[in-house]
Structures are given as C-alpha cells and as structure tokens.
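**Student:** Output the structure for:
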Amino acid sequence: MSNLFDTSTLPDESEHWDEIAERVARIAARNSKGSSVEWLAHSRAGWISAGLLLSAVLLSIFAQAENASAANRGAEWAQLLAPADEMGRAIGLPDRPPPIGALLLDGRGVR
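**Tutor:** Presented below is the predicted three-dimensional model:
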C-alpha cells in the first residue's frame, strides 16, 4: 500500500520554492485586471454595495443618537408614571429590589 502523504519526491531546496513563488506572483500580476477601487467605480454592483454600506453606517449613527435620547425619555416616563406613595416608589423606581425593611415597615423610617 502506497503512502498517500509521501513527500519524499518533492524537492526541498528553498531556491525551488522561491522560483515557484516568483512564477505565481508574475502570473497573478499579469492576470490582474485592476484594483478593487476600479471595480467599485465601474461596476453597478459596486455602486449598489457602496450605497448600502453608506446607508448602514448612517443608520447605525442615527440609531446610537436615538438610543441616547430614548434612555433619557425612559427615565422621564418612569418618574412621571411612578406611584405617589412611598411603597410604590420603593418597588417601582429602583433598578434593584427594595430592602426588606422598606416592605415590612411600609416605608416608615426607611429612605
């Protein structure tokens, strides 16, 4: 049975591999049709992709600005809709649960 991964027949000199690398680079440079910027400028798909990319960037910028103002509006609405009594405020307003003393003592002496 032959070894499928036998590399003993491949040359191991660096000059051989440098020659192959130069040949590949020459062929790639010869077959190159220009840069990606040129493709973008002359292709309808390039213009469409550039427009979509620009739209995505603008939407993300506006969404960040909207999120900042929405957070402020959320805090304002929380204050406006908060219950008037101290027990309701203890339960509704903070980001964490109220202390057990505030619940048991009905807010008396606890601030």
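**Student:** helix or strand for the residue nearest the centre of the chain, which one?
**Tutor:** Centroid-nearest residue in the chain: Ser60, 10.4 Å away (criterion: Cα atoms, centre = their mean). Using DSSP states H and E, Ser60 sits within helix 44-81.
**Student:** list the helices and strands that helix packs on?
**Tutor:** helix 36-42 (3 or more Cβ pairs under 8 Å, 6 or more residues apart in numbering; DSSP states H and E). For the C-beta atoms, the positions are set from N, CA and C on the backbone; glycine is no exception.
**Student:** ok so, going back, any idea how far the residue nearest to the centre of the chain is from Gly51?
**Tutor:** Per Cβ to Cβ, to the nearest Å, Ser60 is found 15 Å from Gly51.
**Student:** pLDDT weak spots in the protein?
**Tutor:** Filtered on pLDDT under 70, the chain yields the residue ranges 1-2, 33-36, 39-40, 66-71, 90-96, 98, 102, 106-111.
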